[in-house]
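In: Please work out how this folds:
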Amino acid sequence: MTTRHTTIDSLLGRLTLTAQDDLLTGIFFEGHWHMPPSEFFGEAVPAEDPLFQQTALELGEYLAGERTVFDVPFKASGNPFQERVWARLKEIPYGETVSYGELATELGDRNLSQAVGSAVGRNPLSIIIPCHRVVGRDGKLTGYAGGLDNKRFLLELEEPAAAKESKLF
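Out: Down below sits the predicted model:
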């Protein structure tokens, strides 16, 4: 089992990518909330690692508005509740949002909103598992491990054309 990491530059700043064997296991922003322990990162390798090259290419295409779905193989590992939340995040369509309360209700209990928020904040694969698509009540922007400016950028990037056009008037 080969655990490794590298860093890449992006429109969102410097990102740290982690992998285990042939699976991407993490995308972390500078100043990322809830960083995993140091052993999660493994050895530093050049960004020319094929899995990291594919990830960088796909992230670049996504950030340029040319990609809506990622093909890079990945795996997010957490506790059973976190993995349930992350599985639901993967179902949120490009350009759409859902609230923490809606996710909690879907997972069986409206009172789980804070637990959902905690799981969302610990998502190790930001962007690919689209935690930026989770918003507060009434669509308000709330916490994001990569910062609210990055969350706003990602939501605006994915905003449907009709919604963008309506803002012009």
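In: gap between the most centrally placed residue in the chain and residue 74?
Out: Most central in the chain under Cα atoms, centre = their mean is residue 126, positioned 1.8 Å from the mean C-alpha point. With distances taken as Cβ to Cβ, to the nearest Å, residue 126 is found 11 Å from residue 74. C-beta coordinates here come from the backbone N, C-alpha and C atoms, glycine included.
In: Which parts of the protein belong to which domain?
Out: Using automatic domain parsing, the domain parsing of the chain gives 3-63, 80-166.
In: mean confidence for the shortest one?
Out: Spelled out, it's domain 3-63. In this model, domain 3-63 carries a mean pLDDT of 94.
In: How far off centre is that domain?
Out: Computed by Cα atoms, centre = their mean, to the nearest Å, the chain-centroid distance of domain 3-63 equals 12 Å.
In: what do you get for the longest one?
Out: Distance of domain 80-166 from its chain centroid, counting by Cα atoms, centre = their mean, is 9 Å.
In: Which parts of the protein are helices?
Out: Counting by DSSP state H, the chain has helices at residues 50-63, 80-89, 100-106, 113-121, 148-158, 161-166.
In: least reliable of those going by mean pLDDT?
Out: What stands lowest among the helices of the chain, in mean pLDDT terms, is helix 161-166, with a mean of 52.
In: how about the domains of the chain, which one is nearest residue 69?
Out: domain 80-166 (7.4 Å; Cβ to Cβ).
In: mind listing what's buried in stretch 54-72?
Out: Residues of stretch 54-72 classed as buried by neighbour count (16 or more other Cβ atoms under 10 Å): 55-56, 58-59, 62-63, 70, 72.
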